[in-house]
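Engineer: let's see this in three dimensions:
(2 chains)
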Amino acid sequence: MVVQYEVAAQEPTVALLRRVRGGDARAREILFRRYLPLLRRWAHGRLPATARGPVDTDDLVQVTLVRALHHLEDFESAGSGSFLAYLRQILLNQVRDEIRRQQRRPPAEPLDIELIDADAPTLVEQMVGQERLAAYEWALANLPKRQQELIVMRLEFGLSYPEIAAETGGTVDAVRMMISRALVQLAEQLSNHRET
Amino acid sequence: MKPEDIERLAGRIADDAPLGAEASVSTERSGDRRLLGALRELEQLAQGFRRAQLAGAGHHASSAPALFRFGGLDVLEQLGEGAQGTVWRAYDPLLDQQVALKLRRLDSGDLAHRFLEEGRRLARLRHPNIVNVYGAAVHEGRTGLWTELVRGRSLSDLLAEGGPLPTEDVNAIGRDLCGALAFVHRHGLVHGDVKAGNVMRDAGGRIVLMDFGATQDAGDCGRAVLSGTVQYLAPEVLDGGAPTPASDIYALGVLLYHLLTARYPNEPVADEAPRVLAEHPPALPAGVPRPLAQAIDAALAIDPRQRPPSMIAFAQALNRSVPRARPRRIVGVSVAILLLAAGIFTAVWSSHRAAPAAWQTELALERIEHGASAALQSGATVHLGDHLQLHFRSSEPVWLYVLDDDGDGSAAVLFPTGEEGTTDPLAANVDYTLPASGPHALTWQISSAASGEELLMLASRSPQPELERLIAQWRHAHDSHAGKQRGALVLAPAPSEEALDSADLGEALAAAERSAGSNLRRWRFELPHAD
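Structural biologist: Next up is the predicted model:
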């Protein structure tokens, strides 16, 4: 299997974030354009079909991104890792809140009951399988943060190696090797999960 | 296995490349087996994420300007054009997904009619290795059929770019397509145009059978239209016969041969009309493993009766060339089953070949996943919690017995279960879905974390009293959660522990074989557990 590397022409995220901190509107725009489609697609896969109208998902993602860029100090105090993985964590919490909110919704409007089924499987659950996804989440949580980030970027966001290199600041070859090693660790955790 | 080998396999997952046969090699160390199982699990996971990304990619496509609308679809981009029409990328706002839309002009008369027929036929087929159809419509003088948008390369593209494929890839593709085509055949259809250009490998590694435009009902002999691609046409079809499941088997043989060599077994001479081959095709190169070469060779037999009797049989032949870890067995009974079944499978195979018009049986094992079913071949990996069903049909009334041995000492009788409507004998020419179909459908669920399952199916044209007496002593499958688990029939031990006597069972099976002879057929599925 030949792996084709694309030319990495992206400005590293860490440099863009530095510029955003300095009030650079252009850097902010680049980050927006880089992350918005990725996060939209990701959120689209993680919300139940009935809760992921284009408008809802866009709102959720945009608000997340705007807030995160306004409070970059939170990201930095969380220990500088991948900004994308950081955004994913915030979004994951928001998605879970959203699902809980829908489950709590009182059955006052009969029409809504038919339309909203928060227990309906999400796109990712349909494609991956609910049990398999739960095992993955468990195994992932047991890995070091750095490895979690690499796996999330490659598997969940489908970023190419050059894109991940731009995100983490490594070389393409080093990124590929680190992801392979992280996946071995993930496999170890998955087999532990199966035994528990 | 060495750590670098494990890391290399993990690298293949990271690269979106299939793990291939290397991940199913036999290994002595249980730690390695565990880790390989987890890597295969991870491969599935990565493919699932990939599919979710691809499906989700359509989400914001609606913001791109539509070229025109067809039915409820926003048509975005032309993907291809052929003699029979055009193919477009479109966005379906209802499904919130990008789709592939095939358009034909209505003035193409019979062609347009057949095109809608293709939609109806495809709508009956839901299988992971068959393209999903979403809709068909007539709109403003055109007929349209839209399916999932498979993003990937066709096998002919892969071949043109990289030359012949590795044998393990060809074998895996062959087994996937056998499963898909077995499913097509079970629905009474014949694909009719199996070729490299009609099979895609998507970005997640899934093999997808496309283009059912040449598909016909299996019994539709009156319409022997010469369709399909000449290199793939079976001799009897070139000779004017109607396509049959056997001609699909031939075409799949041609495809696998082509993938291994980039040549066709029956290259037509330039300017010469399609001809019926009188000779067997040239042998495959020496580097091709013998079992794989033999399986392909058998599929390419000139006489359809000499080919594997079904896609399932073809898949089993391909399976023989896959190295794999064998499930651990503890009780003697499974060894008895194994030895008998191995011998008798050969006998069944030969009797199928000698008298194809006599007693006909079809049997296919399937795993139910996310509402869809996928054919399982012997050697396929199963997981704790998997749901299984069996499809069975016989041209004559039969007594069917399905036995399971999980290799860790717990054996069970899966059929007959005693459920209403699922008792022996089974009627002739009825498609059975076992353990039970209809509104109260049941499945068998793998409930023990043993090393593997070994399923043995026996079909007999006469009852087997000695076998029935022994079976009555076995543990029976119980519906332990009636009404709770949406029809899941969990294999649970019977209240009283009955000792299994392997000698008795072996004797009963041998006696049945002696007395029933050609009245008895057996199938064996060895299904290792994932870890």
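
Engineer: for the residue nearest to the spatial centre of chain A, pull up the helix or strand it's in.
Structural biologist: Centroid-nearest residue in chain A, with C-alpha atoms, centre = their mean: residue A:88, separated by 3.2 Å. Secondary-structure element containing residue A:88, defined by DSSP states H and E: helix A:83-104.

Engineer: now do that helix, average pLDDT.
Structural biologist: Averaging pLDDT along helix A:83-104 gives 80.

Engineer: right, is that helix up against chain B?
Structural biologist: No - Helix A:83-104 stays clear of chain B (C-beta under 8 Å from any C-beta of the partner chain), getting no nearer than 12.7 Å. Heads up, the C-betas are built off the backbone N, CA and C, glycines and all.

Engineer: now that helix, how far from the centre of its chain.
Structural biologist: Distance of helix A:83-104 from the chain centroid (C-alpha atoms, centre = their mean, to the nearest Å) equals 10 Å.

Engineer: repeat that for stretch A:134-150.
Structural biologist: Put simply, stretch A:134-150 sits 12 Å off its chain's centre (C-alpha atoms, centre = their mean).

Engineer: name the nearest residue to the residue in chain A that chain B sits nearest to, sequence neighbours excluded.
Structural biologist: Nearest residue of chain A to chain B: residue A:128, at 3.3 Å (C-beta to the nearest C-beta). Nearest residue to residue A:128 in three dimensions, chain neighbours excluded: residue B:48, at 3.3 Å (C-beta to C-beta, 6 or more residues apart in numbering or on different chains).

Engineer: returning to that earlier point: now do the contacts for the residue nearest to the centre of chain A.
Structural biologist: The contact partners of residue A:88, taken as C-beta atoms under 8 Å, 6 or more residues apart in numbering or on different chains, are A:39, A:42, A:152, A:156-157.

Engineer: which one of these is nearest residue B:397?
Structural biologist: Of all the contacts of residue A:88, residue B:397 sits closest to residue A:156, with 53.3 Å by C-beta to C-beta.

Engineer: how many other residues sit next to that closest one?
Structural biologist: 25 (other C-beta atoms under 10 Å in any protein chain shown).

Engineer: cool, and the one 10 residues further on?
Structural biologist: A count of nearby residues for residue A:166, using other C-beta under 10 Å, gives 23.

Engineer: check residue B:285 too.
Structural biologist: Neighbourhood size, residue B:285 [other C-beta under 10 Å]: 12.

Engineer: three-state assignment of it?
Structural biologist: Following DSSP: H, G, I helix; E, B strand; the rest coil, the label given to residue B:285 is coil.

Engineer: which ones among the contacts of residue A:88 are found in helices?
Structural biologist: Per DSSP state H, helices hold the following members of those: A:39, A:42.

Engineer: kindly indicate which of the contacts of residue A:88 lies nearest residue B:360.
Structural biologist: The nearest one, if we look at the contacts of residue A:88 relative to residue B:360 and count by C-beta to C-beta, is residue A:156, at 48.6 Å.

Engineer: now do the contacts for the residue lying closest to that closest one once chain neighbours are set aside.
Structural biologist: Nearest residue to residue A:156, sequence neighbours excluded (C-beta to C-beta, 6+ apart): residue B:49, at 5.7 Å. Contacts for residue B:49 (C-beta under 8 Å, 6+ apart) come out as A:124, A:127-128, A:155-156, A:158.
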